[in-house]
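Undergrad: Next input, structure requested:
(chains A, B, C and D)
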There are 2 protein chains.
Amino acid sequence: MGDLMNNSAASGLTDTSRGRIRRENETRILEAAERVFADTGLAGATMAQIAQVAGLPKANLHYYFGTKEQLYQAVLTGILELWLDATDTIHQESDPAEALAGYVRAKMLHSRQRPLASKVFANELLSGAPFLTHYLEIELRQRVEAKSRIIAGWIADGRMTSLDPRHLFFMLWGMTQTYADFAVQIRAVLEVETLSDAAWDEATSEVVDFVLRGCGIRTAPNQPSGLVS
Amino acid sequence: MGDLMNNSAASGLTDTSRGRIRRENETRILEAAERVFADTGLAGATMAQIAQVAGLPKANLHYYFGTKEQLYQAVLTGILELWLDATDTIHQESDPAEALAGYVRAKMLHSRQRPLASKVFANELLSGAPFLTHYLEIELRQRVEAKSRIIAGWIADGRMTSLDPRHLFFMLWGMTQTYADFAVQIRAVLEVETLSDAAWDEATSEVVDFVLRGCGIRTAPNQPSGLVS
DNA sequence: AAACAAATTGACCAGTTGGTCAACTTGTTT
DNA sequence: AAACAAGTTGACCAACTGGTCAATTTGTTT
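TA: Presented below is the predicted three-dimensional model:
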């Protein structure tokens, strides 16, 4: 219980602590950078501001990440890994209703838990995605193509309405990311300071239901959207 | 034909030319500013860049608009007028299908014709909307509330599926603005340099159909989405 | 504890930023 | 054409920008 998770006690050198400082500072800086980039984008962010949020001297950021662009690149890369996982609820064998509902729920959970990541991504797209050309034109495109074929299969089998799967993805992204990127707008309309857990569940099921109807799928499988404190 | 639109010929002073230079330069600067703000937001934009796009010396911008913030404010105000008009297809008396389809078409037309306006707005929301508090909390909120009551009426009358109208608006905004704000992403997935007229019509009817199904409305009224050159 | 690597940071720099201003040109009015 | 207002703009400035660096401290290895 009381021991401080210091493993390999007798071995002499603590393998855990190798580069510990570096790892801690890097994540600390990355978090601060994500917050600042989320609000103002690459061009608008300043190293001084990131340093202040991170609680470190500015020179320290340059020591770990070189230039502002490299720090930005690092933040973006972390986000892309997160992003590419989301489509993995959509498989050939799965039930369309469950697969699509699962996808929407995963996307809404991202908007809820990693809104800053979503905002950084949005800022990058708004400025023409100069750092994401490869991601957009290769990785994302292929992923969408693959998943679109699966959905096209479902349509051919008469399991959902006929539609262009690519546009379905555009709409899903728009609907779900709006809850992160444009949260101010949503909070203003709903007249709340922050979205409560209940409000997030409400929003999620509104989107899930709307999407399933939009896809011409009859019944939604019931599934609470997680995150119980 | 050949005359240079100089009306009130005999009257001596040309009423048309009063402040003509000012008006021309202001719109010229506003257009340049919109483009630059769209890509990088307020913080990322520089007056020098705007001046270059406008093809005017920097000091000239300050002569007409004072500070960068005031220029930004002016750009935003112009956009808000555009924005607030869109909901006007939704009336008590109108057919839900036509009203909602019309709303979506209007929004898609905005994304198509004024993508820069949409991007400026998106950037402002991403940075926390410091210049839009009044708009969001008063004007937009009331407008949404009013229109939501109408939609709630349609639901009560059994003319469409039961849903929260406010979330419907969030989804509609997300779906339609994605085609302007994240156009790079869409172009990358569709593998096109620019969206053709046909592609825009395709996208529009995909969204319209999806929305009507999502709202539980049976048939869509057929209406070509305009813009024939 | 000696030797070395890793990390810290104040001070500094050249380039850029938003903004000013005074001298000047152009347009308008009478 | 005289008088005045409106518009133009190069030169300038203080504040800030991303980035560097050398001196120093801290951590690690033997």
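Undergrad: all contacts plus neighbour counts: C-alpha atoms, from now on.
TA: Fine.
Undergrad: Next, A:Gly216: secondary structure please.
TA: The three-state label for A:Gly216, taken from DSSP: H, G, I helix; E, B strand; the rest coil, comes out as coil.
Undergrad: What sits closest to A:Glu26 if chain neighbours are left out?
TA: Excluding the flanking residues, the one nearest A:Glu26 by Cα to Cα, 6 or more residues apart in numbering or on different chains is A:Tyr64, at 6.9 Å.
Undergrad: That neighbour sits in which helix or strand?
TA: helix A:58-65 (DSSP states H and E).
Undergrad: Just give me the neighbour total for the closest residue to A:Arg166 other than its chain neighbours.
TA: Leaving aside its chain neighbours, A:Arg166 sits nearest to A:Ser148 (6.4 Å; criterion: Cα to Cα, 6+ apart). Neighbourhood size, A:Ser148 [other Cα atoms under 10 Å in any protein chain shown]: 19.
Undergrad: which element is A:Ser148 on?
TA: Judged by DSSP H and E, A:Ser148 forms part of helix A:141-156.
Undergrad: Pull out the buried residues from the helix or strand just after the helix holding A:Tyr64.
TA: Going down the chain from helix A:58-65, the next helix or strand is helix A:68-85, by DSSP H and E. In terms of neighbour count (16 or more other Cα atoms under 10 Å in any protein chain shown), helix A:68-85 has its buried residues at A:Lys68, A:Leu71, A:Tyr72, A:Gln73, A:Val75, A:Leu76, A:Ile79, A:Trp83.
Undergrad: how is chain A carved up into domains?
TA: According to automatic domain parsing, chain A comprises the domains A:18-74, A:78-214.
Undergrad: quick one: which of the ones you listed is nearest DNA strand D?
TA: With Cα to the nearest atom of the strand as the criterion, DNA strand D lies closest to domain A:18-74 of these, at 3.0 Å.
Undergrad: Show the average pLDDT along the closest one.
TA: Average pLDDT, domain A:18-74: 96.
Undergrad: cool, and stretch A:109-127?
TA: Average pLDDT, stretch A:109-127: 98.
Undergrad: which residues touch it?
TA: Under the criterion Cα atoms under 8 Å, 6 or more residues apart in numbering or on different chains, residues A:34-35, A:37-42, A:76, A:79, A:130-132, A:176-177, A:179-181, A:200, B:38-40, B:119, B:123, B:126, B:181-185 lie in contact with stretch A:109-127.
Undergrad: Tell me how far the residue nearest to A:Arg166 lies from DNA strand C.
TA: According to Cα to the nearest atom of the strand, to the nearest Å, A:Ser148 and DNA strand C sit 42 Å apart.
Undergrad: before we move on, what about A:Arg141?
TA: 34 Å.
Undergrad: swap in A:Leu168?
TA: In this view, A:Leu168 and DNA strand C are 39 Å apart by Cα to the nearest atom of the strand.
Undergrad: Equivalent analysis for A:Ala129, please.
TA: Taken as Cα to the nearest atom of the strand, the span from A:Ala129 to DNA strand C is 19 Å.
Undergrad: Quick check: which element contains that residue?
TA: Here A:Ala129 is assigned to no helix or strand, by DSSP H and E.
Undergrad: and it, what does it touch?
TA: A:Ala129 is in contact with B:Val184, counting by Cα under 8 Å, 6+ apart.
Undergrad: Show me what from chain A comes close to DNA strand C.
TA: With Cα under 7 Å from any atom of the strand as the criterion, chain A meets DNA strand C at residues A:Gly19, A:Arg20, A:Ile21, A:Arg22, A:Asn25, A:Leu56, A:Pro57, A:Ala59, A:Asn60, A:Tyr63.
Undergrad: Just give me the neighbour total for A:Gln92.
TA: 14.
Undergrad: Apologies, that question was intended for A:Asp95.
TA: The burial count assigned to A:Asp95 is 13, neighbours taken as other Cα under 10 Å.
Undergrad: B:Ala203 versus the nearest residue to A:Gly44 once chain neighbours are set aside, what's the distance?
TA: With Cα to Cα, 6+ apart as the criterion, A:Gly44 has its nearest non-adjacent residue at 3.9 Å, and that residue is B:Gly44. Separation of B:Gly44 from B:Ala203 (Cα to Cα, to the nearest Å): 31 Å.
Undergrad: the more surrounded of those two?
TA: B:Ala203 (21 against 17).
Undergrad: check which helix or strand covers the more buried one.
TA: Taking DSSP H and E as the criterion, B:Ala203 maps to helix B:197-214.
Undergrad: which helices and strands does that helix pack with?
TA: In terms of contacts (3 or more Cα pairs under 8 Å, 6 or more residues apart in numbering or on different chains; DSSP states H and E), helix B:197-214 is packed against helix A:165-181, helix A:197-214, helix B:96-113, helix B:165-181.
Undergrad: Give me the distance from the third one to the chain's centre.
TA: With Cα atoms, centre = their mean, to the nearest Å as the basis, the distance from the averaged C-alpha position of helix B:96-113 to the chain average is 11 Å.
Undergrad: Give me the angle between the following helix or strand past it and helix B:96-113.
TA: Using DSSP H and E, the helix or strand that follows helix B:96-113 in sequence is helix B:115-126. With axes from the mean of the first three to the mean of the last three Cα atoms, to 10 degrees applied, the angle from helix B:115-126 to helix B:96-113 works out at 100 degrees.
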